[in-house]
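In: Quick one: sequence and predicted model below, then my questions.
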Amino acid sequence: MTNFAMFAYATPWFIYGGFGLSGSWLISLVGIDPTGKLAVPWLDTGWVHDVSIIIGAFISCLLASDFRIRIPRRKIRLADGLVGGLLMGFGTMLAPGCNIGGYFSAIAALSLSGFVIGLGLAGGAYTGVLLARWRLRRELASGMLRTGERGPGRSASHPTNRSRWRQPALGLLVALATLGVFEVFVARGETRLGIFMLFGLAFGVILQRAGLCFTASFRDLFTSGDGRLARGVIIAMAIAMAGFAILQGLEIRRPFVLAVGWHTLVGGYFFGLGMVIAGGCATGTLFRIGEGSVQLLVALLGGMLGAAFTARFLKAIDFQRGSGVWLVDSLGWQGALFTGLASLGAFLLIVQWNEMRRKVIR
Amino acid sequence: MSKRRVTLDVKGEVCPYPAMYARAVLEGLAPGQVLEILVDHLCAVEGVPAAVEQLGHRVLSTESVANGVYRIVVQVGGRPS
């Protein structure tokens, strides 16, 4: 099921042909991260794209009758969202890049920074898991984890009040409304914005359906060892690498290369820590807001604040980043593609081994 | 055999907590005993079963009981005493 959904996520780069490729490419250039928003309050493509992901996920969630305003019952979770968001905002500005622009797209484009940020993300996620374990132990010790008991025998039922038609009907209405907005964009000569909106909606639907969570793709390796999401992300990156190679090789697009240096590792680390604390990365935060998650709405707020402050701070101290390294420049196409795919292959093997190792056979 | 069903309500919690709580609670139950978990975090609906199966527990059912709320029924692994 998850694998099928992963392929659904990866295929747009194929089935939409050149346009999908350049669209995804542009999207990665703009960055799906919520950061640009405060600096650019007017309607720019990145902003439209981000909001569209939320709306796309909202529509998709409604169609499945799964929407619910999800309010954490413990206030500490709102603090988690805020702190995690702030850390992600800080990390994304320092690195630079989030899990999409800095990691996924950078690796696909064979930018060295992507592999470095990946190490940082893994380290941060591991720290986040240690933190969560420590909190769990404290909660268990203080008896906070309450369970209820029910009599023996068949399930005493939870009230079943699942509406079958209301949510899908609302979902269709919202979908129609977005078509109306698209018409408005086109009528005002802003077709580009309209296209970005459609891409955002599509990504929102796909992310929500697939439950494609970059956070879990790292975190689960350290908790249960479950490698399904990690495998999905690795496969999607390999496919995207092939797509990006065509675009960059034919010089349809300029190479997408980000600065790399100690800041990439440190930024990735704090982003990775933040995403585990908040419960969602850049895209995960957006699609879960569409599902009605209040905790991740707070995380988005934290992310915007953290990114805005960090950007100002870095500018104020005139922070100098290292220069970008494009593997194709240093290794040639063959060497770069081989190195890129071999790195992904090695990661895949680690994921498989880790999963086997943790499985309890009874 | 008057083993009680235990319920764990983790509505409002997001990953990784639903799975961590479920695993912690299952740890304290006897083999064969049944735990009902209520979650409303959609990723946990797939994540919790995977995480408990990894420890050898059996997932009996996963069903939606309200909009966006799911009930996962798990039987503690190992031989019932």
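Out: Happy to help now that I have it. Numbers count the residues shown, from 1 in each chain, chains lettered A, B, ... in the order given.
In: For residue A:114, the count of nearby residues, please.
Out: 29 (other CB atoms under 10 Å in any protein chain shown). To be clear about C-beta, it is placed using only N, CA and C from the backbone, and glycine gets the same treatment.
In: ok, now residue B:18?
Out: Counted with other CB under 10 Å, residue B:18 comes out at 26.
In: ok, now the one 4 residues further on?
Out: Look at residue B:22: counted by other CB under 10 Å, it has 25 neighbours.
In: Return the distance of whichever strand or helix holds it from the chain's centre.
Out: Take DSSP states H and E as the rule and residue B:22 turns out to sit in helix B:17-27. Distance of helix B:17-27 from its chain centroid, counting by CA atoms, centre = their mean, to the nearest Å, is 8 Å.
In: and if you look at stretch B:58-72?
Out: Using CA atoms, centre = their mean, the offset of stretch B:58-72 from its chain centre is 9 Å.
In: List the buried residues for it?
Out: Neighbour-count burial for stretch B:58-72 flags B:58, B:62, B:65-72 (criterion: 16 or more other CB atoms under 10 Å in any protein chain shown).
In: For chain B, what is the nearest residue in chain A?
Out: Chain A approaches chain B most closely through residue A:68 (3.2 Å), counting by CB to the nearest CB.
In: residue contacts, the residue lying closest to that residue once chain neighbours are set aside?
Out: Closest residue to residue A:68 apart from its sequence neighbours, by CB to CB, 6 or more residues apart in numbering or on different chains: residue B:68 at 3.2 Å. With contact set as CB atoms under 8 Å, 6 or more residues apart in numbering or on different chains, residue B:68 has these partners: A:61, A:65-68, A:70, A:291-292, B:40, B:42.
In: Go ahead and flag the most central residue of chain A.
Out: residue A:283 (3.3 Å; CA atoms, centre = their mean).
In: Chain B too?
Out: residue B:37 (4.4 Å).
In: For residue B:51, see how far away it is.
Out: The gap separating residue B:37 from residue B:51 is 11 Å, by CB to CB, to the nearest Å.
In: Spit out the residues that contact the two alike.
Out: With CB under 8 Å, 6+ apart, residue B:37 and residue B:51 have common neighbours residue B:22.
In: For the residue of chain B found nearest chain A, grab phi and psi.
Out: Residue nearest to chain A within chain B: residue B:68 (3.2 Å; CB to the nearest CB). Main-chain torsions, residue B:68, degrees, to the nearest 10: phi 80, psi 10.
In: okay, and the helix or strand of chain A with the least pLDDT?
Out: Using mean pLDDT, DSSP states H and E, helix A:12-15 stands out as the lowest-scoring helix or strand of chain A, at a mean of 33.
In: Tell me, how many residues neighbour residue A:84?
Out: Count around residue A:84 with other CB under 10 Å applied: 30.
In: Now residue A:127. Nearest residue, chain neighbours left out?
Out: Going by CB to CB, 6+ apart, residue A:127 has residue A:273 as its nearest residue, at 5.2 Å.
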